[in-house]
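S.K.: below is the sequence, then the predicted model.
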Amino acid sequence: MSRVLQPPLVTGISPKEGPSWTKVTIRGENLGTGPADLIGLSICGHNCLLTAEWMSASKIVCRVGPAKDDKGEIIVTTKSGGLGTSTVSFKLLRPERIGILDQSAVWVNEMNYYDMRADRNKGISPLSLRPSNPLGIEIEKGKVPQTHMDQTFPGMSGDFTNENFSATWYLIENHEGSSFEQLKIAASNLKKQSAKKNEGSLAYVKGGLSTFFEAQDALAAIHQRLESEGTERVKGSMTQQLESILNRASDTADTLFQEVLGRKDKADSTRNALNVLQRFKFLFSLPLSIERNIQKGDYDVVINDYEKAKSLFGKTEVPVFKKVYDEVETRIGALRRLLVTKLLQTPSTLHDQKVYIRYLSDLRTPGDPAWQCINAQHSWILKLMLNCRNEFISGQKVSSGTLDLEGETCHVTPGRLSLAASSKRRDSLQTSQHGTWDFETPQQVQFVEKLTDVVISQLPNFWKLWISYVNGSLFSETGEKSAQVEKFKRNARQRQNDFKKMIEEVTNQLVKLIRGALLPTTLSREEMSSYGCWKNKTEITGPWLTQIIHNVRSCHEALSAMEIPNDLLQVIQDLLLELRVHCLIVTLLHTAEDVKRLADKEDWVVDNKGITSLPSQFEQCMIQMLQSLSEPLEVKPGEINVLQLDQVQDQATELSVSIIKVFINCLEQLSNKTDGINESHKVVLGSSSSDWFNNIQGGCSPTSQQRLLIILSNCQYLERHTFLNLINHFETHSFAGAEKIARVSMDAVRELDHNLFETYIERRADPITGSLEPGIYNGWFDWRHCPAPTGVRNYLKEALVNIIAVHAEVFSVSKDLVPRVLSKIVESVADEMCRIMQCVSSFSRNGALQAHLEISALRDALASYLNAESKSCFNQALETIPQIHSGSDKKILEELLNKYKRYAVLFHDLGNGRQNSINHRGSQGTLGGTQRRTHTIQLSQWDQQ
């Protein structure tokens, strides 16, 4: 089954007017795939298929028949396309019918008209004698392919008007399914048609039979008389008389018809002149017609008329014709130059370029217009790219929009997003340094966006133009021009390397322009003058670089979709790799700056675990950084994982470690920050941690000791939670150095924790241990001459009160720190008591009892916070004191210890964790006031006793 094509379309006919049997050339599109595909052709309503000669899919030659209509369309019908349409028309010129004696400017052949006397010599069109169905039976088309018929009957034809007509071919093609009876009827019909033709000749003879008889009788009488007289050559004879009569008849006829014959000769010369004038009229009107059609843009009409004139007068030697034809050539030369100018104009669409190239190909323009167009488009793209850079450098472009704080956007632009607060006590992380969010799109970002838009919009059409040039679809596919098309194809194949250099030049210029705006250090000094020179260059942050990477990737994907070879796009891949690495490094550096500014956002408000918002802000800042790197670190097809490059991996790991160290330094700076507070290391009796945190809630800064505790609490949280979460995020984002980051982070925070802890213990333990020895020997106390013991002395009570105050201070910040801090302070107290006891040279009986009482009472009061070292110190102290062997002394010691234990239960409550029931923060982080007042009253009673 044949493939259905587009319907035929007639776009030109030459000549456009003429009488019947004028030979015309029809031009158009889809005029059939071969002679057998053409099944219908009508001009002005008359079927002209018999005289049609198929030349190509765009050309048919035929003769115009005696149509009824004076003007009409040219309709072509094909098997493959069906009934066609026409955009032109043909005008049929009809000569007037003139009698034999009528005056006329042209001689008319009378044989084509009726003889009114006998109705003889009727003019009949030769084509009208061809019956549509000569056999007179139903036509049944056969299914034998045309190619098989050509092979079976070589050189023959099934057309009965053809000289090589084959009856067998005709019967197979038109009556393959006809029965034998139908063929017998067809034979009978042929006999009848032949008999009719013979009867026509016989009727002609019968109609003039009387005239023939009269002429024969006259001739016989003349012959008989001449024989009887025998005077054929005698003067005055009948023969001479007859000759004289005939001469006079001839002279009379000449005299009678001389004017008519003169008019005949004049008509012949006039007819010849009119034929010449008809051709001459077309040629002389052609220059003006060309000019008029050029102004209207009807280039197809101009080309058709030019081809007609060239076929008629291209090789003429007639001076007048030659002169006019030279003028036509001049106008066509101007048209070629006009079309070349339009072809090379920029910007222009791909469709217009193809149309102009086809026109120039039809006009046989010298050179290669298609290659000229490709060169012009190449230069235009390069110029557009440079103009884009120059516009931004000259300051003609401004920022495309801003993003305000409320989220109303004039133009959506990327920016460093703020982190939402994780709880009511955590501040959001704002990246703006001035309290408002106005992000102006940097010029380099706008430049890259516009530059990639230029490449994406221009390069695809440029590539399609080249593909059309290579496969020959730019040129008219007619039989006469096939050699020219092949020549153009050969030229295209020879210029493949030149076109490859053009694509390389475009991609290289794209890459260098982007490098000049973002990575100027990667350009040479010579390239900097052409592609760099960006003044007042705005620092491009990670999110803007991410948008740039997105634009460049989109450009690369668009060009890859056009099936441009990968080697031509490799420079863009290299640029993408460097941009991704640059974005990674810049993001890490900017994150370090953001982390450094976190110290200014510490509000010292702790939650129920003793943690401020600082660790959460740091964690969110790091997570935001990793999320912003998701797109740059994403590996697209054909790209390299930047984190697998050893140098990049090492640099990213070092920068990540530096971010951790920056945050640790921030914590250390916060711990050393005093804000001009004058503090006393000595904690007085009755001091309350609620006062400190009421001051914090009221806007006052915490003391240095409180800051140390808060930082210590934050360090523990970092070590146990934050850093572990961050390591998981680093591993999720394929950071190969996550293990090193984890190790360095843990080491740094542990070192800071150790230093801060030692500082706090030094500040709190030294005053307590320093007050022990002066308190013991207060009032010239001597272990050798002391009175009988009645209870623990005030120095011990004061030491316990100070330890309780430290407990309250630590507990008010973080209860998790209490065992660690109190154990260390108790260890210092135990060590100091051991040292003091070891320094005593001798004890009296009462002195030994007093020493045993105080050491045992202190040990029992602090039992909840004793560690191995403090227990060892207390044991050594007791071993230094003389042992009590007397039963009465042991009883006195036991009674005094039992009396003391009633008041020491306070410390046991603290140590046993009963303060878990205390509202840690009260109404804003304060210690429970009722129980604290109870402790104070008990200590006061103990002191009074």
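M.R.: Received, thanks.

S.K.: what segments of the stretch 151-300 of the chain are helices?
M.R.: Using DSSP state H, counting those that start in this stretch, the helices found in the stretch 151-300 of the chain span residues 167-174, 180-207, 209-229, 238-296, 299-313.

S.K.: next secondary structure after whichever strand or helix holds A376?
M.R.: A376 is part of helix 369-393 when elements are defined by DSSP states H and E. Following helix 369-393 in sequence order, the next helix or strand is helix 443-471 (DSSP H and E).

S.K.: mind listing what's buried in that following helix?
M.R.: Within helix 443-471, the residues scored as buried using 16 or more other Cβ atoms under 10 Å are 443-452, 454-456, 458-463, 465-466, 468-470. Heads up, the C-betas are built off the backbone N, CA and C, glycines and all.

S.K.: tell me which strands and helices it is in contact with?
M.R.: Here helix 443-471 touches helix 350-362, helix 369-393, helix 482-494, helix 496-518, helix 542-561, going by 3 or more Cβ pairs under 8 Å, 6 or more residues apart in numbering; DSSP states H and E.

S.K.: quick one, phi psi at R859?
M.R.: Phi and psi for R859, reported as degrees, to the nearest 10, are phi -60, psi -40.

S.K.: just give the nearest non-adjacent residue to it, would you?
M.R.: F874 (4.5 Å; Cβ to Cβ, 6 or more residues apart in numbering).

S.K.: so what pLDDT did that neighbour get?
M.R.: According to the prediction, F874 has pLDDT 89.

S.K.: how about R292?
M.R.: 90.

S.K.: then L338?
M.R.: L338 is given a pLDDT of 91.

S.K.: now do the one 5 residues further on
M.R.: On the pLDDT scale, L343 is placed at 88.

S.K.: and it, that's in a strand?
M.R.: No. When classified by DSSP: H, G, I helix; E, B strand; the rest coil, L343 is found to be helix rather than part of a strand.

S.K.: low pLDDT regions in the stretch 601-750 of the chain?
M.R.: For the stretch 601-750 of the chain, the stretches flagged by pLDDT under 70 are 674-700.

S.K.: only alpha carbons, please: show stretch 73-83 as PDB.
M.R.: Output of stretch 73-83 as PDB, limited to C-alpha atoms (Å, rounded to 0.1, in the frame of the first residue of the first chain):
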ATOM      1  CA  GLU A  73      -7.500  26.800 -12.100                       C
ATOM      2  CA  ILE A  74      -4.900  24.100 -12.800                       C
ATOM      3  CA  ILE A  75      -6.000  21.000 -10.800                       C
ATOM      4  CA  VAL A  76      -3.600  18.000 -10.400                       C
ATOM      5  CA  THR A  77      -4.800  14.700  -9.100                       C
ATOM      6  CA  THR A  78      -2.400  11.900  -7.900                       C
ATOM      7  CA  LYS A  79      -2.900   8.500  -6.500                       C
ATOM      8  CA  SER A  80      -0.600   9.300  -3.500                       C
ATOM      9  CA  GLY A  81      -2.000  12.700  -2.600                       C
ATOM     10  CA  GLY A  82      -5.500  12.900  -4.000                       C
ATOM     11  CA  LEU A  83      -7.200  16.000  -5.400                       C
END
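
S.K.: check which residues of that stretch are buried.
M.R.: So, applying 16+ other Cβ under 10 Å, buried residues of stretch 73-83: 73-81.
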